[in-house]
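>>> just to be clear, the model below is a prediction. Sequence and coordinates:
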Amino acid sequence: MPNSSTSSPADGVADRSDINRTETTASPEQQHGPNQKAGVAGAAAKDGKEKSKIAKLWGKLDLDVGTVLMMMKAALPPAIALAMYEADSVAQTYSTLGYLVAIMSILGFCIMPRAKFLQTMTFNVISCCIGAAVGLLMVWSGVQARLHTMTAPKAYNSSQSAVCAIWLFFQIWIVNTLKAKFPQFAFPTIIYAIFVNVAATYGPQFTTTAQAESFIKRLLETFLTGFAIASGVSLFIIPVTCRKVVMKEFTGYITALRSGLQAHRAYLQSLETTDMFGRVATWTADDRKKPKKKRKVEIESLKGVLAAITALHGKLHGDLPFAKREVAYGKLGPEDLSEISKHLRAIMIPMTGLCSLVDIFGRFSELNGWEDESDGDNDESETDELRKKTVSDWNQIMTSVHEPFGNIIQVMDQGLEHVMLRLQLAKPPKKKKKKSSGAVDPEAKGDLVQPGDKGFADYLDSQSSIFYQGKEVALREWVESKGIKLAPGFFEHSDKAVYDEPEEIRLQRYPTHQRNQRQLYLLLYMEFLLYSISQAILAFVRFADEHDLSVLKSRLILPGKRRFRKWVMGVFKVEDTSNDDSATVSGMNGNNTVIYMGEAYKAQKNPEHLPPENVFEKIGDWLRVIPGFLRSAESAFGLRCACATMSIAIVAFLADTQRFFIEQRLVWAMIMVAISMTPTAGQSVFSFILRIVGTIIAMVVAFLMWYIPDQKTAGIIVFLWLFVALGFYVPLKQPKFLVTGLISVVTATLIVGYELEVRKIGRQLATSNGQPYYAIYLLGPYRLATVVGGLAVAFIWTFFPYPISEHSALRQTLGGALYLSANFYSIIHETVMARIRGDEGAESDESPQMAKLAKTRNKVFAKQMLLIEGLNMYQGFLKWEFPVGGKFPKKEYETIIKCVTNIVNYTSLLAYASKTFTDPLLTCNADPNAAQWFQDFRKIISSANITSHEITSMLALLSSSITSGQPLPPYLTAPQSYKLSQRLEMEDRDILSIRHVAEPGYAAFAVIQISTRCIHGDLEKLLL
């Protein structure tokens, strides 16, 4: 995962955290713009200087010092390998395989973080050694076949070629089946395939066992030398640990949360004056054209921040286990890293719910037919009048909460800054110089507490309490705006206090009552989530104070026996991988995400066999594993790769074409098949063309490397280092094009490395293996043709005999996301019902009864974040594709992805809000009336079934339908809406009266009511 250290969403934020930081007295908008890159632009504007063209290009490329260093580091192994080959002893050792050392050093991927690199390199070495052992058996078998069938000495022997071909087909099939089954074995399986391809195609030329042993030995030494160079560079030159990567992600996560707070502040303030139900009209230069409707800037900022937070959360899920396993010398242990992750998740969930305000207002707009702005022609219509009144009401509501909302957001932002200072994720602000030599006057500072001060946690706690108590003011203003007059001190003694409700309000129509109730619920929704965020940040601040890195001492951190054993046992388990994890199949593919759904997702009951009852039946079950393996999707992918490889390799095993294969170096076409075919998604026309373009660029770059330094060896190696460094920009910053970047870098190194090899050992020795010498201006086009041929074969076998397109992979991923949504909702259902019933141990996730549910819930939630990130990434990638046949239903898939995202967000809010029902301060309230109301409320709501297994069933059906492509059952309808408010009012009309609107349980109910209604709305959309 090379980009973890430099190109993750964290890095663009983390590496510029010092720029984004300002004095706390500056306005929040200046401190953090909604865009994570706004800090640079703000700094430039602050200085009053216009950025130069180089600076603009630097910003557009999203470059930073860390990325540039990693690019330079990635180019060192091939440069070292080629420079080392200039030594006579090295050239004599590796002979005609010298350039292969440079290729293997590139595939060693030295820029992965240390823990991932060591794991991947261990597997690389093991796979290489196994490949050498099996390869030696293969070529020995071929030699024996020659000796037993040879009638006269000939260069070609059909039996030997047939034996090598069979061995090659079998090995490529097996190794690619493993590649499809275990994403973490991406590089090891590629290394194995390259070793086998080279050994099998050269094997038919050997006439004695000694020749075969010598070749396999030199080939093994070549591979291991390349890996050794990559390991040395990785561990000793600009070393990057997984802990460092995770700490950068923490920095980026917190900074994104701070940006999210300021984006919410801007959006909430915009609701004071604008129409929240429509889009902004933007006119073109030609006023006669119809204006386009665009989202408001504040909404786009919210969407961008939410996407960044989601991406970081999913990425952290994959990187954190490696950081916890790492041996390190530091101050935070593995448990501390886990705690930080938990605190970030506790802040993220309510903030995601707050981001859903845009979606909720959009639903109100759809419900009333207000999708478009009023044109002014029918202003007197009832619909327009209702819309204007609703907008005016919300403008008034948001104006009344301007100050408390602004204050709590500012304090929460300072709380996150305090966390960054305590955990040393940001540098402390520079202290102002004293005007005189005298000490600072304490009275001048007053009671102002700044982030980083000792008493900041208490200050944040007091501000959060003030905000919570101040909500009564907003509620009073809202109630009185509806014409209801409340007595002074109404909320202190709401059970006894009186209020004046006019007759027309009591007799108002139900739709009007419903609209007013929705306004109240949404106001409580905002206040509840803001207060929840403040409490989560307060807990984070207290944790940071307890783990102040300026006080803690560094120590040797070991993973422990249990963690180490867990890592070893989990080596052969399917791992979740994100689309920017370059150490896995998902990263090699670039635009898909691999998520392990559990055995229940793929395992199906056999309708033809009952469970075995005796020994013979159990043996029979084991025998049926073989056909099950052969018909699996992983085996089918391995068979495709084997057929693609053999369609090229057959040229090496026929008498008339064997010499042609060797002379034209067609083995590199087979190697391109091994690198470019991935199981998680197929090829698109666009990616195929892009890889060809990348190869052409690599050939041109190879010419530049050779001729710019006037063909001087030292200059060529320097320019190779430079151009390879530039080439690694693609794997680092554009991981979705990783294969393209990898093929380009390998091709350029291949061309230049061969020419340097011939220059060193001479033409006579270089051509001793049957390959004629070509000058670079001829070798370049030949290599280009070979590589393009291999890519074309891989492309063909992706579509034949039936296509595995990227669209079908997207459909499968989307089906998996719906399956996880069903799983997630089922877990939340059990959690919510346990809390509402007041089951023993339900008050805390630490209790044995709830710990397992909490662990599973968090795990599934993180998987969903990874999947949603991958789906959104692919959604943006679709515009670059060339459709073959009918167009891809992009809008329909976008709608499904949006609905899945909403369902996950609102479901997580259900669990978050249900925590209120287990709060001991509510169940043991000093006010007996409030405690009695809460007990009655919980009793009634527990019988209302606010969650249902019907939704789980519906999501599972939708997942199965999308995954298999089969239609849903006829006459299928969405589960009925719960209508919680009506149910509760039918049980007890006073339970939701104005007397109780300030109760904490009432606000939690408002969140649950909105969330459940939105979930049902999304299910209805999915069934349309």
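Sure thing, it's come through. Treat the numbers as computed from the prediction; the structure is a model and nothing was measured.
>>> report pLDDT for Asp438.
That one is not Asp; residue 438 is Gly. As predicted, Gly438 sits at a pLDDT of 47.
>>> ok, now which ones touch Met646?
Residues counted as contacts of Met646 (C-beta atoms under 8 Å, 6 or more residues apart in numbering) are Ala165, Leu168, Phe169, Ile172. To be clear about C-beta, it is placed using only N, CA and C from the backbone, and glycine gets the same treatment.
>>> so which of these wins on neighbours?
In terms of neighbours by other C-beta atoms under 10 Å, the contacts of Met646 top out with Ile172 at 28 neighbours.
>>> that one contacts Arg640, correct?
No - assessed by C-beta atoms under 8 Å, Ile172 is found out of contact with Arg640, at 10.1 Å.
>>> what ranges does the stretch 551-700 of the chain have for its helices?
561-569, 585-589, 599-602, 615-623, 625-630, 633-649, 658-663, 667-676, 685-707 (DSSP state H, counting those that start in this stretch).
>>> try the stretch 251-400 of the chain
Counting by DSSP H, counting those that start in this stretch, the helices of the stretch 251-400 of the chain are 297-325, 334-355, 357-368, 382-400.
>>> and the longest one, what's buried?
Translated: helix 297-325. Within helix 297-325, the residues that count as buried by 16 or more other C-beta atoms under 10 Å are 298-299, 301-302, 304-325.
>>> next: the third one.
Neighbour-count burial for helix 357-368, counted by 16+ other C-beta under 10 Å, picks out Leu357, Val358, Asp359, Ile360, Phe361, Gly362, Arg363, Phe364, Ser365.
>>> same check, this time on the second one
Neighbour-count burial for helix 334-355, with 16+ other C-beta under 10 Å as criterion, is recorded at 334, 336-337, 339-355.
>>> list the helices and strands that helix packs on?
Packed against helix 334-355, as judged by 3 or more C-beta pairs under 8 Å, 6 or more residues apart in numbering; DSSP states H and E, are the following elements: helix 242-270, helix 297-325, helix 510-546, helix 848-877, helix 890-914.
>>> mind running it again at 10 Å?
Here helix 334-355 touches helix 242-270, helix 297-325, strand 328-330, helix 402-422, helix 510-546, helix 848-877, helix 890-914, helix 1000-1023, going by 3 or more C-beta pairs under 10 Å, 6 or more residues apart in numbering; DSSP states H and E.
>>> possible to save the ones you listed as JSON lines with mean pLDDT and distance to Met138?
What follows is these, written out as JSON lines (pLDDT from 0 to 100; distance: least, C-beta to C-beta, whole Å):
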{"stretch": "helix 242-270", "mean pLDDT": "93", "distance to Met138": "37"}
{"stretch": "helix 297-325", "mean pLDDT": "87", "distance to Met138": "35"}
{"stretch": "strand 328-330", "mean pLDDT": "89", "distance to Met138": "42"}
{"stretch": "helix 402-422", "mean pLDDT": "93", "distance to Met138": "57"}
{"stretch": "helix 510-546", "mean pLDDT": "88", "distance to Met138": "57"}
{"stretch": "helix 848-877", "mean pLDDT": "80", "distance to Met138": "38"}
{"stretch": "helix 890-914", "mean pLDDT": "90", "distance to Met138": "46"}
{"stretch": "helix 1000-1023", "mean pLDDT": "86", "distance to Met138": "52"}
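>>> so of these, which one's packed in deepest?
Of all the helices and strands packed on helix 334-355, helix 242-270 carries the top mean neighbour count, a mean of 25, counting by mean count of other C-beta atoms under 10 Å.
>>> run the chain-centre distance for it.
Centroid separation between helix 242-270 and its chain, computed with C-alpha atoms, centre = their mean, to the nearest Å, is 16 Å.
>>> start the count at 43 instead of 1 going forward.
Done: numbering now begins at 43, and the last item shifts to helix 284-312.
>>> which neighbours do Ile214 and Arg682 share?
Contact criterion C-beta atoms under 10 Å, 6 or more residues apart in numbering; residues shared by Ile214 and Arg682: Val715.
>>> ok, and which of the helices of the stretch 593-742 of the chain has the densest surroundings?
Using mean count of other C-beta under 10 Å, helix 627-631 ranks as the most buried of those, with a mean of 28.
>>> re earlier: quick one: which of the helices and strands packed on helix 376-397 is nearest Leu860?
helix 932-956 (6.2 Å; C-beta to C-beta).
>>> report all helices and strands that the closest one contacts.
Using 3+ C-beta pairs under 10 Å, 6+ apart: helix 932-956 touches helix 339-367, helix 376-397, helix 399-410, helix 552-588, helix 848-879, helix 890-919, helix 991-1006, helix 1042-1065.
>>> switch to 7 Å and redo it
The contact analysis (3 or more C-beta pairs under 7 Å, 6 or more residues apart in numbering; DSSP states H and E) places helix 932-956 against helix 376-397, helix 848-879, helix 890-919, helix 1042-1065.
>>> could you dump those helices into TSV and include distance to Ile758?
TSV is the format used below for the helices and strands packed on helix 932-956 (distance: least, C-beta to C-beta, whole Å):
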stretch	distance to Ile758
helix 376-397	45
helix 848-879	38
helix 890-919	36
helix 1042-1065	59
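>>> ok, which of the ones you listed comes nearest Ser1002?
Ser1002 lies closest, by C-beta to C-beta, to one member of these: helix 848-879, at 7.4 Å.
>>> now do that closest one and helix 932-956, the angle between them.
Computed with axes from the mean of the first three to the mean of the last three C-alpha atoms, to 10 degrees, the direction of helix 848-879 lies at 20 degrees from that of helix 932-956.
>>> report the angle between the axes of helix 848-879 and helix 675-691?
Going by the same axes, to 10 degrees, helix 848-879 makes 160 degrees with helix 675-691.
>>> adding distance to Ala1048, write the helices of the stretch 293-442 of the chain out as TSV.
Converted to TSV, the helices of the stretch 293-442 of the chain look like this (distance: least, C-beta to C-beta, whole Å):
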stretch	distance to Ala1048
helix 339-367	21
helix 376-397	12
helix 399-410	12
helix 424-442	14
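>>> which one of those helices lies nearest to Pro470?
Across those, Pro470 has its closest neighbour in helix 376-397 (19.5 Å, C-beta to C-beta).
>>> buried residues, stretch 506-526. List them.
Of all the residues in stretch 506-526, those buried under the rule 16+ other C-beta under 10 Å are 506, 509-510, 512-514, 516-518, 520-521, 524, 526.
>>> as a markdown table, those residues with pLDDT, distance to His589 and secondary structure would be great.
Converted to a markdown table, these look like this (pLDDT from 0 to 100; distance: C-beta to C-beta, whole Å; DSSP: H, G, I helix; E, B strand; the rest coil):
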| residue | pLDDT | distance to His589 | secondary structure |
| --- | --- | --- | --- |
| Ser506 | 92 | 21 | helix |
| Phe509 | 91 | 26 | helix |
| Tyr510 | 87 | 27 | helix |
| Gly512 | 82 | 32 | helix |
| Lys513 | 80 | 32 | helix |
| Glu514 | 78 | 36 | helix |
| Ala516 | 80 | 36 | helix |
| Leu517 | 81 | 38 | helix |
| Arg518 | 79 | 41 | helix |
| Trp520 | 81 | 41 | helix |
| Val521 | 79 | 44 | helix |
| Lys524 | 75 | 48 | coil |
| Ile526 | 75 | 49 | coil |
